[in-house]
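Enquirer: model this:
(chains A and B)
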Amino acid sequence: MIRAENLYKRFGNTVAVNGASFAASDGSVTGLLGPNGAGKTTSLRMLYGLMRPDSGAIHIDDCDVVASPQSAQSRLGVLPDQSGLYGRLTTREHIRYFGNLHGLKSAELERRIDHWIEILDIAPLADRRVAGFSHGEEMKVALARALVHNPQNIILDEPTNGLDVMSTRTVRDLIRRLKAEGRCVLFSSHIMQEVSALCDRIVVIAAGRVVATSTPDELLSITGKTTLEDAFVSLVGTNGEAA
Amino acid sequence: MNLEPLKIIARKELSDGLRDRRSIYTLIATTLFGVVVIAFMLNQIAGQRKSADEITLAVTGREYAPVLIDWMSQQSGVTIVPGPANAEEAVKGKKADVVLVVDRDFAKDFDQSKSANVKIYSDSTRRAVQPKLERVKSMLNRFSAETASLRLIVRGVSPEVIAPVKVEDVDVSNSQQRAAVILNVILMLVAMSVMTAGMQIATDSTAGERERRSLEPLLLNPVPRWQIITGKWLAACGAAFVAMVASLTLYSLVLRKLPLEDAGIRFHLGKPEILMLIAAFAPLAVLVPAILAFLSCFARSFKEAQSYSVFLVLPVAFTGIISSFYSLSGKTWLVAVPLLSQYAFASDVMAGRTPAPLLLITAGVESAIIAAIFLRMAARLFTTEKIIFGH
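Expert: Reported below is the predicted structural model:
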């Protein structure tokens, strides 16, 4: 369960997030949809505790992120905007490193590493150093490393950005699987197909404000459009500003 | 408090750093280069010293002192040749370097147990002649002392009567000083490898983390920031220590193989000395990674961070050079200056003098405090959004 209330964040004179409120519940997939520069990444960074909101409240389950970011982080699995890997470490070492930092050890950790390697279909890459991996392969390593501690809440910042068809499919399967396991999944995207294919709820964000929160079907009926893309454009305006 | 993350992070940084083959080979190559150059220079000096053992001495008036000349020519490596008639002109005109002139009355004075005269002509501005001159003087002194002892024994007096003070000869000749400079340069080179090894991991694991865009995911782990930066620092210290022990051992092995003791170059680099030198440079291995970890937080790339490291290399190199040319031994004010006091301690160790532990205690305490301050500042930087996201 992720709840954000009245988030507000400015950088100098630019207001990046301007009073955004939204929630993502367990056992469902919530999409944060918005044009580039709408404040998606900044909102997510506040959710996972690396940025402090100027005002507003964030809760992961019952944990106050602003007050105790670390205990929130142990309930969170995050694929951040910047998801760099260490070129000289292998896939398995990446997952093990983060598992260790989450307090996992020995046989239990190794079991989970194998589990995620199998789910993400990266067994052939498991003991290779990641330098030279394709973008899709890197993304899968980053996902496995983010999920190794079995977090109840999962935040993914544009997880399918730049992926090929096969990798995109793996990521989509993963998101559905996480939902089926009863987890709370929140992901951001600016790609319509992605959101319509996966989301139970859509939070449309533009210019730092939430302009709509509903199911995909409701979004169509609210705007009176026939496609999600038209609905989206009518909500955020053609220049990305909220209508 | 759970300190496990410190260990996890340090272990990861060390194994990551060990796989950075290019940096490791560079470190090994530069260390070996230093060893080879030092060995070559010391060997040269040893060669020069040896040449002082093989001398050809021009003696004018050798017929006046057959006893002395016989004794001298029996000394190993000494060849006596007839000297020029005008010794002074010959030395001035560089036709001869050292000329011994025996007084006409030498035999008469010698037989009557009076002081018999000889003169040594040499040019004190010609430094290359000094070892030979020293050798000649010491031969004459020895002859004089042996004769005196014999005369006293004949008169039933113990020779110790005229030696109230027993003087042990300490050679401070030119080559000895040059050897001391070179031994101090070794200390500087060791300090350099300590820094290079520590720098590599310290910069790669902070600035490199940003450059690879891996800092954000790392900071998402529920680990206090100070533990992340301290873990990285521990790894860098570990690398610095390994580099220090390895290069000291290497120098000790190579120096032992050179014929330095034969040539009269005194140096001490056994196990206890190596341990003391490790103690001398330990503060550096602790301090440098901490400062660099802090500086690297401001760098956008690994390269930029490395260019900051010049600010640290220069002072260490300069103090090293200063301490090679000025004797710092026994100067109490040094206690207050960390780097200088460490070099002073180390060069006392190398020269076989008893080093003052106080020199290290203050350097150690000061370095630890400064390192802690820099680590704390770095940990704070790791919580600022500007540093994490580079806005």
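Enquirer: Spatially nearest residue to B:E54 (excluding sequence neighbours)?
Expert: What sits nearest to B:E54 in space, not counting adjacent residues and going by Cβ to Cβ, 6 or more residues apart in numbering or on different chains, is B:G77, at 4.5 Å. For every residue, glycine as well, the C-beta is placed using N, CA and C.
Enquirer: for B:G208, same thing?
Expert: Taking Cβ to Cβ, 6+ apart as the measure, B:G208 lies nearest to B:F302, with 4.5 Å between them; neighbours along the chain are not counted.
Enquirer: do you know how far the residue nearest to B:E54 is from chain A?
Expert: When Cβ to the nearest Cβ, to the nearest Å is applied, the distance between B:G77 and chain A equals 59 Å.
Enquirer: So what's the residue count around that residue?
Expert: The local packing count at B:G77 equals 12, with neighbours defined by other Cβ atoms under 10 Å in any protein chain shown.
Enquirer: Ramachandran coordinates for it?
Expert: With angles defined as degrees, to the nearest 10, B:G77 shows backbone torsions of phi 80, psi 10.
Enquirer: ditto for the one 4 residues further on
Expert: Backbone torsions of B:V81, given as degrees, to the nearest 10, read phi -130, psi 160.
Enquirer: What count of nearby residues applies to it?
Expert: Taking other Cβ under 10 Å as the criterion, the count of residues near B:V81 is 10.
Enquirer: Show me what it is bridged to.
Expert: On the basis of DSSP bridges, B:V81 takes part in beta bridges with B:A58.
Enquirer: Over in chain A, which residue gets nearest chain B? Let me know.
Expert: Shortest chain A-to-chain B distance, computed as Cβ to the nearest Cβ: residue-wise this is A:G84, at 3.4 Å.
Enquirer: where's that residue relative to A:L7, distance?
Expert: According to Cβ to Cβ, to the nearest Å, A:G84 and A:L7 sit 26 Å apart.
Enquirer: who are the neighbours in contact with the residue nearest the centre of chain A?
Expert: Against the mean C-alpha coordinate of chain A, by Cα atoms, centre = their mean, the closest residue is A:L156 at 1.6 Å. Under the criterion of Cβ atoms under 8 Å, 6 or more residues apart in numbering or on different chains, the contact list for A:L156 reads A:V78, A:L79, A:L143, A:I175, A:V185, A:L186, A:F187, A:S188.
Enquirer: again, only using 10 Å
Expert: Under the criterion of Cβ atoms under 10 Å, 6 or more residues apart in numbering or on different chains, the contact list for A:L156 reads A:29, A:32, A:44, A:77-80, A:83, A:142-143, A:146-147, A:171, A:174-175, A:178, A:185-189.
Enquirer: A:S83 now?
Expert: The contact partners of A:S83, taken as Cβ under 10 Å, 6+ apart, are A:138-139, A:141-143, A:145-146, A:156-159, B:213-214, B:216-217.
Enquirer: Give me the secondary structure label for it.
Expert: Secondary structure of A:S83, reduced to three states by DSSP: H, G, I helix; E, B strand; the rest coil: coil.
Enquirer: tally of neighbours for whichever residue of the stretch 251-391 of chain B sits closest to chain A?
Expert: Per Cβ to the nearest Cβ, B:E385 is where the stretch 251-391 of chain B lies closest to chain A, at 5.4 Å. Here the number of neighbours of B:E385 (other Cβ under 10 Å) works out to 15.
Enquirer: swap in B:S214?
Expert: Using other Cβ under 10 Å, B:S214 is surrounded by 20 other residues.
Enquirer: For it, give its distance to chain A.
Expert: Distance of B:S214 to chain A, computed by Cβ to the nearest Cβ: 4 Å.
Enquirer: For that residue, which non-adjacent residue is closest in space?
Expert: Leaving aside its sequence neighbours, B:S214 sits nearest to A:G84 (Cβ to Cβ, 6+ apart; 3.6 Å).
Enquirer: didn't the one you found look like it was pressed against A:R145?
Expert: No: between A:G84 and A:R145 there is no contact, the gap being 11.1 Å when judged by Cβ atoms under 10 Å.
Enquirer: Quick check: neighbours shared by these two?
Expert: Contact criterion Cβ under 10 Å, 6+ apart; residues shared by A:G84 and A:R145: B:P217.
Enquirer: more neighbours, these two?
Expert: Of the pair A:G84 and A:R145, A:R145 is the one with more neighbours under other Cβ under 10 Å, namely 27 against 20.
Enquirer: how about the more buried one, phi and psi?
Expert: In terms of degrees, to the nearest 10, the main-chain angles of A:R145 are phi -70, psi -30.
Enquirer: Just give the number of residues close to B:I80.
Expert: B:I80, neighbours per other Cβ under 10 Å, totals 17.
Enquirer: Okay, strands next: where are they in chain B?
Expert: Taking DSSP state E to define them, one finds strands in chain B at B:55-60, B:78-82, B:99-102, B:118-121.
Enquirer: among those strands, which is the most enclosed?
Expert: Burial of the strands of chain B is given as mean neighbour count (mean count of other Cβ atoms under 10 Å in any protein chain shown); strand B:99-102 ranks first at a mean of 22.
Enquirer: Can you tell me how far B:S144 is from B:G77?
Expert: Shown here: B:S144 relative to B:G77, a distance of 20 Å by Cβ to Cβ.
Enquirer: again, but for A:I222
Expert: From A:I222 across to B:G77, the span is 108 Å (Cβ to Cβ).
Enquirer: who's in contact with B:T26?
Expert: The neighbours of B:T26, taking Cβ under 10 Å, 6+ apart as the test, are B:D20, B:T196, B:Q200.
Enquirer: ok, the second one - contacts?
Expert: Looking back up the chat, that one is B:T196. Residues B:S23, B:T26, B:L27, B:T30, B:T31, B:A239, B:A240, B:A243, B:V288, B:S309, B:V313 are the ones in contact with B:T196 under the rule Cβ under 10 Å, 6+ apart.
Enquirer: Just want to check the distance between the residue nearest to B:S214 and A:A146.
Expert: In this structure, A:G84 lies at 13 Å from A:A146, with Cβ to Cβ as the measure.
Enquirer: what is in contact with these two at once?
Expert: When contacts are counted by Cβ under 10 Å, 6+ apart, A:G84 and A:A146 are jointly contacted by B:P217.
Enquirer: can you count the residues close to A:G27?
Expert: The local packing count at A:G27 equals 14, with neighbours defined by other Cβ under 10 Å.
Enquirer: B:A180 now?
Expert: B:A180 has 20 neighbours, counted by other Cβ under 10 Å.
Enquirer: what ranges do the helices span in the stretch 1-150 of chain B?
Expert: Secondary structure of the stretch 1-150 of chain B by DSSP state H, counting those that start in this stretch: the helices cover B:4-18, B:21-53, B:66-74, B:87-92, B:106-111, B:130-154.
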